[in-house]
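[1] What follows is a protein structure lacking sequence information:
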């Protein structure tokens, strides 16, 4: 057998190896994430329910979904373990302090000028964005083109007056 005939098989086996390797890596990360769950941490199930971990067992997790609502889930049903900030933002609507990250709505606060913005705006000339006046006469070429178009017979969509 030559190398040319073996090459497709080698490429196929290499691709299968890489696909299974990445799948195993993702599965291992998910197992590690589920093993790091502790009582009190916020989680999202694979069904999209947000809850707080109350108790962790070998194969199951007891979740507190609200006042008086305790649910028993398999560990495999936990989709993500959330950080405290993310869980509070999603479930309770509590945002962390963003005052240091405030971005101004306009750039006027970023530039330091002595004159107010209104005075600077009044100095600029206004730009006319309207149509041209109707009083203007159309050119001779435009009139000739319109007349020629009126003289030509109109094409129809297949309708005919002849019977």
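    Received the coordinates, thanks. Quick caveat, the model's predicted, so the values are computed rather than measured. Numbering: from 1, shown residues only.
[2] going on from whatever helix or strand residue 19 lives in, what's the next piece of helix or strand?
    Following DSSP states H and E, one finds residue 19 within helix 3-35. Scanning forward in sequence from helix 3-35 by DSSP H and E, the next helix or strand is strand 42-45.
[3] quick one: strands adjacent to that next one?
    strand 50-56 (antiparallel), strand 78-82 (antiparallel) (DSSP bridges).
[4] tell me, which of those strands is the model least confident about?
    Across the strands paired with strand 42-45, strand 78-82 has the smallest mean pLDDT, namely a mean of 88.
[5] re earlier: among the strands paired with strand 42-45, which is nearest residue 32?
    Nearest to residue 32 among the strands paired with strand 42-45 is strand 78-82 (10.1 Å), distances taken as C-beta to C-beta. Where you see a C-beta, it was placed from the backbone N, CA and C, and this is true even at glycine.
[6] buried set for that closest one?
    78-79, 81-82 (16 or more other C-beta atoms under 10 Å).
[7] Contact partners for residue 40?
    52-53 (C-beta atoms under 8 Å, 6 or more residues apart in numbering).
[8] mind checking how far it is from residue 75?
    17 Å (C-beta to C-beta, to the nearest Å).
[9] And for residue 7?
    Relative to residue 75, and taking C-beta to C-beta, residue 7 is found at 44 Å.
[10] And for residue 45?
    Counting by C-beta to C-beta - residue 45 and residue 75 are separated by 11 Å.
[11] Residue 7 and residue 75: which has the busier surroundings?
    More crowded of residue 7 and residue 75, by other C-beta atoms under 10 Å: residue 75, with 16 against 10.
[12] Now do the contacts for that one.
    34, 37, 56, 59-61.
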